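Peer 1: Need coordinates for the following:
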Amino acid sequence: MIDSGNLKQGYVEVTAASLMRSTTYTKSCAIGLLSLLAMVSTHALAQESASGEIPPDRETVTVEDVEVVDVLDVDELNSDNAGDSIDAANERGTMPVDESALPSSAATAPELDNSELDAPPVADSADVAAFRQAIDRTEAQGAYAETLSEQLLGLGLALQQQDRHAEAIEVFKRGVHVARINNGLYAGEQIPLLQSEIVSHIATENYLEADERQAYLYRVQQRSMTLGEERTMALMQQARWQRQAYDMGLGEQSFARLLNMWDLYRLAVTDISEREGESSPKLLKPLEGMLRSQYLIAGFSQQTSDSGLNTSDLTARQDQSR
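Peer 2: Numbers count the residues shown, from 1 in each chain. Purely as a prediction, here's the structure:
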């Protein structure tokens, strides 16, 4: 159920006020997004009221209702749901990322604990042992048997359950290789393997490798997914990752992260609009993401002028969404 009070006191109010500090062009785009967001939320509330889920007198949000404030608490805008379990993520084609496990700035490689080096190897669980036996039987039929990548995914997930992430990463990589050999460079069978591998890279604090695999995952998703809810969710997950990578300071192109984040949310808005219409309540999340992206981009206004960068890329991208 959509809570109009939260909408009014949350991202709608503070984002509009903060964007007043931006350029005229960016400001006009933000106000356009805000207007669309208010329209969608009002339409969703009307639908819920008609169905009897909320009282008819529930307050709605309009652009005129937005109160100007001076300070934005960015932490209030960062709370995207981490998602569901690994099994559910595999079903819908996106892998949840636990934002609470991520540092607020770029992480350095963790120091090795000598006690861990001397620790005895972890015994295989019943699931791990069962998958190993199944893989042995499959490999007897050939090194690249069709069912092998699925079995390697199962083995990797079982290893994750034992916190054996380094081993799991190697298993997932092998599964990706087998899937590519059997089905092509951008085969969709790679998606759950890549998503699971990324989870293990994050668990071992190898964020740069996670970022590289995330980029490859997106290329596979672009070429293997058709228009639909699964693709929309993949775009949203990729946008959230760009924000997390930006917060951690991964790589050197922070501004490009924000542009990518804006683009991904825009693509999600386009997908939903084409599939369900321009008043769908499902537009609320990606529209909120676009507003959040523009707030962060607005904060780059002084930095871009000082460093020689410019916002022409953003201007071109915003023109595409008009």
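Peer 1: average model confidence for the helix or strand encompassing residue 264?
Peer 2: With the criterion set as DSSP states H and E, the secondary-structure element containing residue 264 is helix 254-276. The pLDDT scores in helix 254-276 average 92.
Peer 1: Alpha carbons of it, as PDB, please.
Peer 2: Extracted C-alpha coordinates of helix 254-276, given in PDB (Å, rounded to 0.1, in the frame of the first residue of the first chain):
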ATOM      1  CA  SER A 254      32.300   9.000 -10.000                       C
ATOM      2  CA  PHE A 255      30.300  11.300 -12.300                       C
ATOM      3  CA  ALA A 256      29.900   8.500 -14.800                       C
ATOM      4  CA  ARG A 257      28.400   6.400 -12.100                       C
ATOM      5  CA  LEU A 258      25.800   8.900 -11.400                       C
ATOM      6  CA  LEU A 259      25.000   9.300 -15.200                       C
ATOM      7  CA  ASN A 260      24.700   5.500 -15.400                       C
ATOM      8  CA  MET A 261      22.500   5.400 -12.400                       C
ATOM      9  CA  TRP A 262      20.200   8.100 -13.900                       C
ATOM     10  CA  ASP A 263      20.200   6.200 -17.300                       C
ATOM     11  CA  LEU A 264      19.200   2.900 -15.700                       C
ATOM     12  CA  TYR A 265      16.300   4.300 -13.800                       C
ATOM     13  CA  ARG A 266      15.200   6.100 -16.900                       C
ATOM     14  CA  LEU A 267      15.200   2.900 -18.900                       C
ATOM     15  CA  ALA A 268      13.200   1.200 -16.100                       C
ATOM     16  CA  VAL A 269      10.600   4.000 -16.300                       C
ATOM     17  CA  THR A 270      10.400   3.500 -20.100                       C
ATOM     18  CA  ASP A 271      10.000  -0.200 -19.700                       C
ATOM     19  CA  ILE A 272       7.200   0.100 -17.200                       C
ATOM     20  CA  SER A 273       5.400   2.900 -19.100                       C
ATOM     21  CA  GLU A 274       5.400   0.900 -22.300                       C
ATOM     22  CA  ARG A 275       4.200  -2.300 -20.600                       C
ATOM     23  CA  GLU A 276       1.700  -0.900 -18.100                       C
END
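Peer 1: Packing partners of that helix?
Peer 2: If you count contacts as 3 or more C-beta pairs under 8 Å, 6 or more residues apart in numbering; DSSP states H and E, helix 254-276 packs onto helix 229-248, helix 284-298, helix 312-320. Where you see a C-beta, it was placed from the backbone N, CA and C, and this is true even at glycine.
Peer 1: Mind listing what's buried along it?
Peer 2: Of the residues in helix 254-276, those with enough neighbours to count as buried (16 or more other C-beta atoms under 10 Å) are 255, 257-273.
Peer 1: ok and it relative to helix 229-248, angle-wise?
Peer 2: Between the direction of helix 254-276 and that of helix 229-248, the angle (axes from the mean of the first three to the mean of the last three C-alpha atoms, to 10 degrees) works out to 160 degrees.
Peer 1: any idea of the angle helix 254-276 forms with helix 284-298?
Peer 2: Angular relation of helix 254-276 and helix 284-298 on a 0 to 180 degree scale: 160 degrees, by the same axes, to 10 degrees.
Peer 1: In the stretch 51-200 of the chain, mark out all the helices, start to finish.
Peer 2: Applying DSSP state H, counting those that start in this stretch to the stretch 51-200 of the chain gives helices spanning 86-92, 114-117, 126-139, 148-161, 165-183, 190-203.
Peer 1: could you dump those to JSON lines with mean neighbour count, distance to residue 215 and mean pLDDT?
Peer 2: JSON lines is the format used below for those (neighbours: other C-beta atoms under 10 Å; distance: least, C-beta to C-beta, whole Å; pLDDT from 0 to 100):
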{"stretch": "helix 86-92", "mean neighbour count": "14", "distance to residue 215": "19", "mean pLDDT": "39"}
{"stretch": "helix 114-117", "mean neighbour count": "7", "distance to residue 215": "30", "mean pLDDT": "46"}
{"stretch": "helix 126-139", "mean neighbour count": "15", "distance to residue 215": "29", "mean pLDDT": "95"}
{"stretch": "helix 148-161", "mean neighbour count": "22", "distance to residue 215": "20", "mean pLDDT": "96"}
{"stretch": "helix 165-183", "mean neighbour count": "20", "distance to residue 215": "14", "mean pLDDT": "96"}
{"stretch": "helix 190-203", "mean neighbour count": "24", "distance to residue 215": "10", "mean pLDDT": "97"}
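Peer 1: got those as a markdown table, with distance to residue 283 columns?
Peer 2: Shown next, in a markdown table, are those (distance: least, C-beta to C-beta, whole Å):
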| stretch | distance to residue 283 |
| --- | --- |
| helix 86-92 | 19 |
| helix 114-117 | 47 |
| helix 126-139 | 41 |
| helix 148-161 | 33 |
| helix 165-183 | 33 |
| helix 190-203 | 25 |
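Peer 1: Thanks a lot, see you next time.
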